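Participant: quick one, fold the following:
(chains A and B)
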Number of protein chains: 2
Amino acid sequence: MNNYRNLRVALLGCGSVGAQVARILLEHEDELAARVGSRLELIGIAVRDVNTKRDVELPQELFTTDAEQLILGADIVIELMGGIEPARSLILSAISSGADVVTANKALIATHGEELAGVAEQVGAQLYYEAAVAGAIPIIRPLRESLAGDRINRVMGIVNGSTNYILDRMDRFGDSAEAAAAIASELGFLEADPTLDVEGYDAAQKATILASLAFHTNVPGDAVHREGITQITAGQIEAARKAGYVIKLLAIAERLVDDNGVEGISARVYPALISREHPLAAVHEGKNAVFVEAEAAGSLMFYGAGAGGKETASAVMGDLVSAARRHVAGGPGIPGSTHADLPVLDIENVETKYQIMLEVNDQPGVLAEVAGVLSEHGVSVARLEQSVPQDANGTATLVIGTHSAKESALAATVTALAASGAVSAVSSVLRVEGN
Amino acid sequence: MNNYRNLRVALLGCGSVGAQVARILLEHEDELAARVGSRLELIGIAVRDVNTKRDVELPQELFTTDAEQLILGADIVIELMGGIEPARSLILSAISSGADVVTANKALIATHGEELAGVAEQVGAQLYYEAAVAGAIPIIRPLRESLAGDRINRVMGIVNGSTNYILDRMDRFGDSAEAAAAIASELGFLEADPTLDVEGYDAAQKATILASLAFHTNVPGDAVHREGITQITAGQIEAARKAGYVIKLLAIAERLVDDNGVEGISARVYPALISREHPLAAVHEGKNAVFVEAEAAGSLMFYGAGAGGKETASAVMGDLVSAARRHVAGGPGIPGSTHADLPVLDIENVETKYQIMLEVNDQPGVLAEVAGVLSEHGVSVARLEQSVPQDANGTATLVIGTHSAKESALAATVTALAASGAVSAVSSVLRVEGN
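Facilitator: Sure thing, here's the model as predicted:
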């Protein structure tokens, strides 16, 4: 089996993922050698402090603080430091010295992925980042390879485990938003800065990566429309349930045609209603899933753990084996994939259904007035439910499900509804996805 | 973009999948060229009769009846004829002439996969067969590549759409087995010979392929334990529902250790109870899904269409693009994967939970007698439900859920129960999977 020289692997970073990668490399050395056709030799692990206690016991002599020096001798560099710098510079110098790079660095790929892929293509090196989106779930490789002969129309993912955990608790156990967030935080589901999760920043970075891959187009991070889950209330979840929906934070990348007939991409993150019959509705707790709609393949879903040291290490190892096989086999591997250059369209071009909740004065003529406002703006009503008034003021709740409408039409409708005498408050406007 | 010579693609067979592959090749020529870095030129389609009407309108001059001649000029051969011969001989001569081969031929890969892969490896050609298992769902590539650095413990799939359609109708609409099968047949879900579906032969071929890939071991078709769904009744489905389960026909490949401490593989197909909370329980109608448990990645699921011309064509096209990129890039691609050579263990070594249904005489001491028989054979009861007697003879139905037990212990238990005076009939014994 050992018919090729050893491949020298350098590891940058030794947090929960890095420690697991090092463990697997050392423990499964023979099995990996059989799969690759060559031994994978871990030549060192670059860390900030060689004396830090690690999740896994590893030989002390592997550790170094000199990352620059370490990567010079490597065939393959695994970057698990996170953050933009020094990760970006180290990856660039690894690529320039001819090494292949495997990274789990979502923020870096989302912001500098095109730059890194461009440099890699120039020198004939490869950049792998399966672990950057949806942890253990193989989604990058299916998008780049399995569906390479098909035409993807939409990618819709639950790609942030902590917000899914919060929304799932609210839906299945009737928790308030605060209670669910407290439990998520206690279980370590939320990032140190929970804003990254609950305001949708993390999901938006993954949407950038998914959109770029699915549509062979560079989608910059600031082109992703982003809304978080902080406005979601138990009342909205309950109203969604009554109408047969569950609320999920979705990262969506979609092929669209704008009003001028221009084909482009929409990339967006927001909490949306999705039918309880949809496969994404069954994604509970901190799990992730990516639902893909392709012209020929139809609907596909990829489901699994979106985070965790061991789980993410599995994706890193898959990339490492691919990189190593490429070394043994020769040849430059898969070419870069941003060749389509479709424009990224504004959220105004998106058309979805909506669920609108209004507080209305319970008096004759209210329904007619509300219906009038909707029809004036070309928004058509699919279903409507009015609660009995709950307080002395005679305020009732009106839940309206609309047919598909443009974002722009909806925005104008909501402004008009808020200004209407019959409506005391527009308490919720949420999109409905996945029809 | 066109920086490499055209790649010559020959198509063998032009049924529902072949016609879609030809359509995509012709319609998406430019897009495919951009993705591959070279034009894919369809040089001909070998068929039995050039005058047969096809699902898609295709240029008449592409058709030929001389498959042997056609493949001589090809860089990549796509085999979609099905059956063992002449498919096997044609693939062997394509490989021998240096071409890469893409096939959707499940029966051929299940029975001759090792032979074909061996010859391909010798000459440095590649054999791709993503479409042979679970249609459009990318499962082969994730198993061969994404999880190549992980250690798979179990693969459990719903890989036959027609039996899933039948069981799903029985479960969700209360259909009888006959009524559900009649609808499945009307909708074209069943093969010309429905035995292949309902007796589990089709699922067993897919189990062979999945087991071989997941465990890097050649698993011969006759080593797969196979039971079909023809014995499944509405009563069993109802009893499963009451206990929180749904019945699915599962193809399972699992890493096991036998009583002598020998590590091996179990490959089996049978209808089994699975918790309604399990992701596989939400796979409805004719959909397929493959659930994978790996040491580091944890639980993953791949879901989508398991059949259909367009859907299967998507998987074929993904393989074709991979093969074409390999030609452009050079190098031999992924090495063969049957290097572990684990023994295939008999079903006797499998340990699962069971649900047993008994018809018992409704008289004092019956429960004690039944419980005694179970405990004598080391089978422990997890739950038990006794119906009120429904007929004048005073016969009651007893539903027993067991803890995990070996197949051999269970077989002895069932024999003893059948011989017991308290039991008038053992009406059902089903395994419970997915704990």
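
Participant: quick check, the residue in the stretch 251-400 of chain A closest to chain B?
Facilitator: Of all residues in the stretch 251-400 of chain A, the one sitting closest to chain B is A:M317 (2.5 Å; Cβ to the nearest Cβ). The C-beta positions use only the backbone N, C-alpha and C, and glycine is treated the same way.

Participant: wait, A:M317 sits on B:A294?
Facilitator: No - A:M317 is not in contact with B:A294 according to Cβ atoms under 8 Å; the separation is 10.1 Å.

Participant: identify the contacts common to the two.
Facilitator: Taking Cβ atoms under 8 Å, 6 or more residues apart in numbering or on different chains as the contact criterion, the common neighbours of A:M317 and B:A294 are B:D150.

Participant: and the host helix or strand of A:N153, what does it pack onto?
Facilitator: Per DSSP states H and E: A:N153 is located in strand A:152-158. Under the contact criterion of 3 or more Cβ pairs under 8 Å, 6 or more residues apart in numbering or on different chains; DSSP states H and E, strand A:152-158 touches helix A:201-215, strand A:245-257, strand A:287-294.

Participant: compute the inter-axis angle for it and strand A:287-294.
Facilitator: Orientation note: strand A:152-158 sits at an angle of 170 degrees relative to strand A:287-294 (axes from the mean of the first three to the mean of the last three Cα atoms, to 10 degrees).

Participant: quick check: buried residues in strand A:152-158?
Facilitator: A:I152, A:R154, A:V155, A:M156, A:G157, A:I158 (16 or more other Cβ atoms under 10 Å in any protein chain shown).

Participant: and chain A, what are its domains?
Facilitator: Per automatic domain parsing, the domain ranges recorded for chain A read A:7-135+A:310-329, A:140-306, A:350-433.

Participant: tabulate those (TSV), appending distance to B:V9.
Facilitator: Shown next, in TSV, are those (distance: least, Cβ to Cβ, whole Å):
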stretch	distance to B:V9
domain A:7-135+A:310-329	22
domain A:140-306	11
domain A:350-433	38
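
Participant: who has more neighbours, A:M317 and B:A294?
Facilitator: Neighbours were counted for A:M317 and for B:A294 using other Cβ atoms under 10 Å in any protein chain shown; A:M317 has more, 29 against 25.

Participant: neighbours around A:D259, how many?
Facilitator: Counted with other Cβ under 10 Å, A:D259 comes out at 9.

Participant: that one belongs to a strand?
Facilitator: No - A:D259: not assigned to a strand; according to DSSP: H, G, I helix; E, B strand; the rest coil it is coil.

Participant: need the contact list for the residue lying closest to A:D259 once chain neighbours are set aside.
Facilitator: Leaving aside its sequence neighbours, A:D259 sits nearest to A:N349 (Cβ to Cβ, 6 or more residues apart in numbering or on different chains; 7.2 Å). By Cβ under 8 Å, 6+ apart, A:N349 lies in contact with A:L256, A:D258, A:D259, A:G264, A:S266, A:K406, A:E407.

Participant: out of these, which is most surrounded?
Facilitator: That'd be A:S266 among the contacts of A:N349, by other Cβ under 10 Å, with 26 neighbours.

Participant: my guess is that one meets A:D258, correct?
Facilitator: No - using Cβ under 8 Å, A:S266 makes no contact with A:D258, being 9.4 Å away.

Participant: need the residues touching each of the two.
Facilitator: With contacts defined as Cβ under 8 Å, 6+ apart, the residues shared by A:S266 and A:D258 are A:L345, A:N349.

Participant: still on that earlier bit, what's the average pLDDT for the strand holding A:N153?
Facilitator: Regarding strand A:152-158, the rounded mean pLDDT is 96.

Participant: tell me the angle of that strand relative to helix A:201-215?
Facilitator: With the same axes, to 10 degrees defining the directions, strand A:152-158 sits at 160 degrees from helix A:201-215.

Participant: what does the pLDDT read for the residue of the stretch 101-250 of chain A found nearest chain B?
Facilitator: Closest residue of the stretch 101-250 of chain A to chain B, Cβ to the nearest Cβ: A:G149 (2.4 Å). The score at A:G149 is 86. That number is its pLDDT.

Participant: that one against B:R325, yeah?
Facilitator: No - using Cβ under 8 Å, A:G149 is not in contact with B:R325, being 10.7 Å away.

Participant: so these two - more neighbours on which side?
Facilitator: Higher neighbour count among A:G149 and B:R325: A:G149, with 30 against 22, using other Cβ under 10 Å.

Participant: and the host helix or strand of A:M357 with strand A:245-257, angle?
Facilitator: A:M357 is part of strand A:351-361, with elements assigned from DSSP H and E. Orientation of strand A:351-361 against strand A:245-257 (the same axes, to 10 degrees) gives an angle of 140 degrees.

Participant: how close does the residue of chain A most remote from its centre get to B:A289?
Facilitator: The outermost residue of chain A relative to its centre, with distances by Cα atoms, centre = their mean, is A:P364 at 46.4 Å. According to Cβ to Cβ, to the nearest Å, A:P364 stands 52 Å off from B:A289.

Participant: quick one on the thing from earlier: need the next SSE after the strand holding A:M357, C-terminal direction.
Facilitator: helix A:366-376.

Participant: list the buried residues for that following helix?
Facilitator: Neighbour-count burial for helix A:366-376 [16+ other Cβ under 10 Å]: A:V366, A:E369, A:V370, A:V373, A:L374.

Participant: tell me the one of the residues you listed nearest A:T395?
Facilitator: A:V366 (10.6 Å; Cβ to Cβ).

Participant: if we ignore the residues flanking it in sequence, what's nearest A:G15?
Facilitator: Nearest residue to A:G15 in three dimensions, chain neighbours excluded: A:L80, at 6.7 Å (Cβ to Cβ, 6+ apart).

Participant: cheers, nothing more for now.
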